[in-house]
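Undergrad: how would this look folded up:
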Amino acid sequence: METLTEKQQTAILALLSGKTRAQTAKEAGVAESTIYEWLNDEKFRKGLKQSQNFVFDEATARLHGLLGASVETCAGILSGEKISSTSALELRAASLVFGQVSRLRELDLEDKIRELEKRFENEKR
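TA: All right, here's what the predicted structure looks like:
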């Protein structure tokens, strides 16, 4: 996080962990109004956004890492080799992983299309 104070960095970590603004202020050792001021500060918002992107990228990588296990789960259940009392739950979890990864791919494609459209518009000018 570029040139943010230690208190600002603490606040960002607290916000990322889902703490309220009041809890964040207490954890960072500042007034709650300071948190609101920081949230209106471009440098702080940029640091928060970078941190959010990092957390999202890590979660995305972890989700992608579950694809192999999801495929194995489905294959085991479909082949009859892995039938158990939790098969329905396992199949549902695997399905959720597939759905989320598919949605992430769609979002990525949408971003790429928007970028291409922007480039096309700029080249037309």
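Undergrad: give me phi/psi at the residue nearest the centre of the chain?
TA: Geometric centre of the chain, nearest residue: Phe56, 2.3 Å, by Cα atoms, centre = their mean. When read as degrees, to the nearest 10, the backbone of Phe56 gives phi -60, psi -40.
Undergrad: Which stretches in this protein count as strands?
TA: Counting by DSSP state E, the chain forms no strands at all.
Undergrad: and Trp38, how many residues sit next to it?
TA: Trp38 is flanked by 25 other residues according to other Cβ atoms under 10 Å. Yep, even glycine has a C-beta here, placed from its N, CA and C like the rest.
Undergrad: Quick one, grab the pLDDT at the nearest residue to it once chain neighbours are set aside.
TA: Nearest in space to Trp38, with sequence neighbours left out and distances taken as Cβ to Cβ, 6 or more residues apart in numbering, is Phe44 at 4.2 Å. Note for Phe44: predicted pLDDT of 97.
Undergrad: which residues sit in contact with Phe44?
TA: 4, 8, 12, 38 (Cβ atoms under 8 Å, 6 or more residues apart in numbering).
Undergrad: Quickly note the distance from the last one to Thr24.
TA: Read that as Trp38. To Thr24, Trp38 is 9 Å away according to Cβ to Cβ, to the nearest Å.
Undergrad: Pull up the overlap in contacts between the two.
TA: Common contacts of Trp38 and Thr24 (Cβ under 8 Å, 6+ apart): Ala11.
Undergrad: Which elements pack onto the longest helix anywhere in the chain?
TA: Longest helix in the chain, counting residues (DSSP state H): helix 87-124. Judged by 3 or more Cβ pairs under 8 Å, 6 or more residues apart in numbering; DSSP states H and E, the packing partners of helix 87-124 are helix 42-65, helix 67-79.
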